[in-house]
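Trainee: Take this sequence and fold it.
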Amino acid sequence: MSNSPIETSASSVPFRIPTPEELEALVPDEETLEANHVVGFDGNDIRSRPFNLLRSQVTKELDAQDWKVFGLTSATPAAGKSFMSLNLAAALSRLAEKTVYLFDFDLRRGSLAEALGIAGKLGLGEFLEGKTDDLKAVGRRINDSNLVLFPCYRVQRNSAELLAGKRFEALMAGIRNLPDDAIVICDLPPAFANDDTLMIAQNLDAYMLVIEQGITTKKQLNNTVTLLNPTPCLGTVLNRYVGGLIDPYGYGYGSGAYNKYYAD
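Mentor: This next block holds a predicted model:
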């Protein structure tokens with residue numbers, strides 16, 4: 001089957017999603033991982049424990065509901081949802097029986113490539129724009145793990161136009177055709193930044209909502225759930241939780257990745 005979508009009266013033929021073995025392997029620099037708080041790859045790091053616990057809860061619910069494609073979003077920028085997406089994906093990739101695909105669908109402000117030290121010109125934005133039909137040129141296998149990342153760099157076109165196109169439809173159909181052992185995580189834009197998350201969520205089995213302690217309000221939480229209805233909410237994650245002085249699970253995280261989300 002060709003990687004190029006074929007237009008029919010109904011929809012496009014799915015794009016085939018490459019396996020980890022077909023992709024160029026990337027070995028992230030340890031200093032880059034530490035600088036960006038990527039700790040989920042190391043099961044012996046005490047900071048990875050919250051992601052291990054989250055991994056167990058997520059896989060249990062996915063198996064119970066027969067789901068495999070879910071997204072992570074937040075009500076507003078800077079809540080840490082990309083940090084959560086990457087570390088959860090890293091923790092999941094340590095499960096030998098699972099293949100994890102992480103798609104950066106924050107087309108306007110993709111940040112996962114930078115967090116892993118990936119430099120490139122072809123990302124999901126360029127793929128959706130039609131600048132390449134080769135997903136092998138976009139995806140990267142992280143280390144020798146079962147984690148595949150499809151990064152995104154800033155797109156020039158209106159992102160909503162890309163998400164409403166046949167290429168996105170064919171990409172999602174390809175994701176749906178992945179084997180049963182696949183888990184697909186979609187890093188989404190903040191729900192109220194634009195209508196991108198609403199458009200993507202319609203194609204997902206469920207989504208997780210990242211809540212920033214002391215910042216995200218109950219109204220914002222409820223409005224996000226209402227906005228993304230009827231896509232089910234897989235659960236909520238409290239980020240930047242500050243525990244007691246001797247609480248080993250009180251993990252604080254700070255990032256300026258989305259501080260300028262609306263700047264341009």
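
Trainee: which stretches of the stretch 151-264 of the chain form strands?
Mentor: 182-187, 206-212, 233-239 (DSSP state E, counting those that start in this stretch).

Trainee: Least reliable of those strands by average pLDDT, please.
Mentor: Mean pLDDT per stretch puts strand 233-239 lowest among the strands of the stretch 151-264 of the chain, at a mean of 90.

Trainee: Could you list the residues in contact with that one?
Mentor: The contact list for strand 233-239, computed with C-beta atoms under 8 Å, 6 or more residues apart in numbering, reads 54, 57-58, 61, 67, 70, 72, 79-81, 83-84, 206-213, 221, 225, 253. Heads up, the C-betas are built off the backbone N, CA and C, glycines and all.

Trainee: give me that answer again for 6 Å
Mentor: Applying C-beta atoms under 6 Å, 6 or more residues apart in numbering, the external contacts of strand 233-239 come out as Phe70, Gly80, Met84, Ala206, Met208, Leu209, Val210, Ile211, Glu212, Gln213, Val225.

Trainee: Most neighbours among the residues you listed, which one is it?
Mentor: The most crowded member of these, judged by other C-beta atoms under 10 Å, is Phe70 (25 neighbours).

Trainee: what's the spacing between the closest residue to it other than its chain neighbours and Val58?
Mentor: Excluding its sequence neighbours, the residue lying closest to Phe70 (C-beta to C-beta, 6 or more residues apart in numbering) is Ala206, at 4.6 Å. Distance of Ala206 to Val58, computed by C-beta to C-beta, to the nearest Å: 10 Å.

Trainee: Next: Leu178.
Mentor: Leu178 is 17 Å from Val58, where distance means C-beta to C-beta.

Trainee: Those two: which is more packed in?
Mentor: Val58 (23 against 18).

Trainee: Check the offset of the helix or strand where that one lies from the chain's centre.
Mentor: In this assignment (DSSP states H and E), Val58 forms part of helix 49-65. Centroid separation between helix 49-65 and its chain, computed with C-alpha atoms, centre = their mean, to the nearest Å, is 16 Å.

Trainee: how near is Arg141 to Trp67?
Mentor: Counting by C-beta to C-beta, the separation of Arg141 from Trp67 is 24 Å.

Trainee: swap in Ala119?
Mentor: Distance from Ala119 to Trp67, by C-beta to C-beta: 33 Å.

Trainee: cool, and Ser56?
Mentor: Ser56 is 15 Å from Trp67, where distance means C-beta to C-beta.
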